[in-house]
Each structure stands twice: as C-alpha cells, then as structure tokens.
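Engineer: generate coordinates for the sequence data below:
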Amino acid sequence: MKRLTLTLAVLGLMLAAPVARAADWQPPGPITMMIAFAAGGGADTQARLIAEELEKRHGWKIIPEQVTGKGGANLARKLKDQPADGSVIGIAVTETFGYNMKAARNAGYAADDFTYLASTAGSQMGVVAKADGPYKSFDDVVAAARSGTPIRFGAMSAKLADAAYLLGKAHGIEFNIVSLKGGKAVFNAVVAGDVDIGWGAGIQGRAVRAGDMLNIVSGEDDRLELSPDAPTMKELGVDYSFGALFLFVAPAGLPDDAAAALSAAISEVVQDPQSKAHDFVVKGFGGPRVLVGEALRARIAAEGRQAEGLMAEAAK
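Structural biologist: Here you go, the predicted model:
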C-alpha cells in the first residue's frame, strides 16, 4: 500500500504541469473512442466507464466504437490514419504494440504511428482452473500431465499460446493448446470444462473471490494480489512476463496540449476513488496502473524487445 501511495503521489507531480498548461484545451468536436475489445466484457466496461466520467467532468462528447479483432491490430490500423487533433482515441493493450505487431508478417502499423496517452490498469494475468476441479496448483497439472493425462490449455492470443508452450517445455510436458477468441471465451471454456486450465486477464477476479476459480500461476512480474500463493512464470522457469497494460493511444502527431489534456484527464478518472471507473478497475484488475509520457513510451519499447526474444525462444 505504501508503494502505491508513493507512486500516485509522484504521478500527481508529473501530471500537475501538463494539467495547468492544457486547462483550456477542448476537442474540435465529439471524441470517438475506439475500443479493441468485445462489447460487454471487462475491458469494454472499463473503457465505457472512463468515457462516461470524461463526459461528466469535462463536457466532452465521447462516442464509443467497437473496433475489435486481431489482438488490437484492427484498431491500430484504423486509428493511425485518423486526424491527430484529439477527436479520435483508442483503448487497447500493450501487447497490441509489442508481440501482436512483431508477430504479424505485415501488421500495417508501427509503434511510431501513435501518441501514447496513459495506461489505466494491469491485466492481472493468471492461469486459472475450476476450484472444484482436480487442479488446485500448477504442481497438480504437471503431475497429471506426466502420468499421461491430456491437459487442454486455453489461450486467447498467440503470445499466450507461446507462454503455454514454454511453460510446458520448462517442465518436460506438452499441453494441448486451444486457441480461443478473447478472455471471456477462455473463461467460459474453463467453466464449461471444455479446457482444463486457461489464461485469464482479470475476468476471473470475481470468480476467484467467490471461491469458484483458482489462479494457479501468475503471468505478471509479481504474484497476483488475489492469489499470492500462485507462482510466477519466472519462478516456474519461463523468464518472461505476460502481463499487459490497458492503455489509451491517439494518432502520431497529436499536439502537446491535446496529449497533455487527454493523458491527465484519463489518469485522473482511473485514480479518483470517487469514480465508477476507479472502483471497477480495482475490482476487476487489481487497481490503477498509470504510466504517462516517457515512462509509457519506454514500456512500449520494452514490449517490443521482449516480443522478439519470446518469439525466438518459442521457435526453438
């Protein structure tokens, strides 16, 4: 808690100057907010709550628009060609501008095509299993696989399929990796018993709190807040982090005053304990994780470097 308080305090100092300089900025008209996630899911709800709060606080008209598919690549390709005047922004995950871009033969966009505004939350990425199922820990999964039991492992992206492959490789086992469209599809497949374990990116939070599901592995750098007993991928022999950040971006070339105003406004909403968006982020994603400016650009660059290493390792 002390670390979180310090982080927010430092961030407040970082944002104070941009807020003052951009106090009078107004968008040229309604702001289209492109959303890279399917309607009704946790990420979509987060985006719409932020949009609602921005309208209330600043009088901006926000028009949510679903632009889904290809792990955010469809949004990125469409967004990069929009006017760089603050009238169009998008929410995706850092993976969109790292692994998903690097893995595509022709992504149709590059990291430099965007202005990175602010991250909002982490993914709370974890490998989940049903609480009433046979797998109470990753050790249980390994033991079953070594005894000849096929293990079906749900993944909603190519990066997470690579993660599952490397996790099995590190323990001398081979998973039956099942590719599904979106975190909700993985969650539903685990619940239905169509897969034995699968990746969850925050969607599992409510079920874990209720005792219906278990996080048995953390895909983040650190152990998960909800499941501190679940080991990280690095502790299990896979030297990569698979957590992601949700973030807002705009086309490259966005004027400094517009970028400062949008970054500060989004950051304020997700960090304000009085906002519905903050409450949702806390419950669904473990709390705000806000990066802006150079810190966010550095995170994107690091995502690209890690993606190259991960793809090379998975190809061995």
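Engineer: which parts of the stretch 101-250 of the chain are helices?
Structural biologist: Here the stretch 101-250 of the chain has its helices, by DSSP state H, counting those that start in this stretch, at 138-146, 158-170, 183-192, 205-209.
Engineer: between those helices, which one is nearest to residue 304?
Structural biologist: helix 158-170 (12.4 Å; Cβ to Cβ). No exception for glycine: its C-beta is placed from N, CA and C like everyone else's.
Engineer: what packs against that closest one?
Structural biologist: Where contact means 3 or more Cβ pairs under 8 Å, 6 or more residues apart in numbering; DSSP states H and E, helix 158-170 is packed against helix 99-103, strand 152-155, strand 176-179, strand 197-201, helix 293-314.
Engineer: distance between the ends of stretch 51-65?
Structural biologist: This stretch, stretch 51-65, spans 11 Å end to end (Cα to Cα, to the nearest Å).
Engineer: for it, buried residues please.
Structural biologist: Within stretch 51-65, the residues scored as buried using 16 or more other Cβ atoms under 10 Å are 51-54, 58, 60, 62, 64.
Engineer: filter these down to just the ones in helices.
Structural biologist: Members of those lying in helices (criterion: DSSP state H): 51-54, 58.
Engineer: of those residues, which is the nearest to residue 163?
Structural biologist: Using Cβ to Cβ, those come closest to residue 163 at residue 51, 31.3 Å.
Engineer: residue contacts, that closest one?
Structural biologist: Contact partners of residue 51, counting by Cβ atoms under 8 Å, 6 or more residues apart in numbering, are 33, 62, 64.
Engineer: one more time with 10 Å
Structural biologist: For residue 51, the contacting residues are 31, 33, 35, 60-64, 89, 91, 266, 269, 277, by Cβ atoms under 10 Å, 6 or more residues apart in numbering.
Engineer: which of those residues fall in strands?
Structural biologist: Those of the contacts of residue 51 mapping onto strands are 31, 33, 35, 62-64, 89, 91, per DSSP state E.
Engineer: switch the residues you listed over to TSV; also include distance to residue 186 and pLDDT.
Structural biologist: TSV is the format used below for the ones in strands among the contacts of residue 51 (distance: Cβ to Cβ, whole Å; pLDDT from 0 to 100):
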residue	distance to residue 186	pLDDT
31	31	98
33	25	98
35	19	98
62	29	98
63	30	98
64	24	98
89	27	98
91	20	98
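Engineer: closest one of these to residue 224?
Structural biologist: Checking those against residue 224 by Cβ to Cβ gives residue 91 as the nearest, at 22.6 Å.
Engineer: per-domain residue ranges of the chain.
Structural biologist: Using automatic domain parsing, the domains assigned to the chain come out as 2-122+244-314, 125-218.
Engineer: need the least confident one among these, by mean pLDDT.
Structural biologist: Ranked by mean pLDDT, the domains of the chain bottom out at domain 2-122+244-314, which scores a mean of 90.
Engineer: coming back round to it: from the buried residues of stretch 51-65, which two are the most distant?
Structural biologist: Within the buried residues of stretch 51-65, 58 and 64 form the most distant pair, 15.9 Å apart (Cβ to Cβ).
Engineer: tell me the spacing between residue 110 and residue 164.
Structural biologist: Distance check for residue 110 against residue 164: by Cβ to Cβ, to the nearest Å, it reads 28 Å.
Engineer: who's in contact with residue 24?
Structural biologist: By Cβ under 10 Å, 6+ apart, the contact list for residue 24 reads 257, 261.
Engineer: what about it, which SS state?
Structural biologist: Counting by DSSP: H, G, I helix; E, B strand; the rest coil, the backbone at residue 24 sits in coil.
Engineer: which residue sits closest to residue 189 in space, ignoring its chain neighbours?
Structural biologist: Computed as Cβ to Cβ, 6 or more residues apart in numbering, the closest residue to residue 189 that is not its neighbour in sequence is residue 195, at 4.5 Å.
Engineer: ok, the one you found - contacts?
Structural biologist: 128-129, 151-155, 175-178, 180, 185-186, 188-189.
Engineer: I'd like the helices and strands packed on helix 158-170 laid out as TSV, including mean neighbour count and distance to residue 117.
Structural biologist: Output for those, formatted as TSV (neighbours: other Cβ atoms under 10 Å; distance: least, Cβ to Cβ, whole Å):
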stretch	mean neighbour count	distance to residue 117
helix 99-103	22	18
strand 152-155	23	29
strand 176-179	16	31
strand 197-201	29	21
helix 293-314	16	8
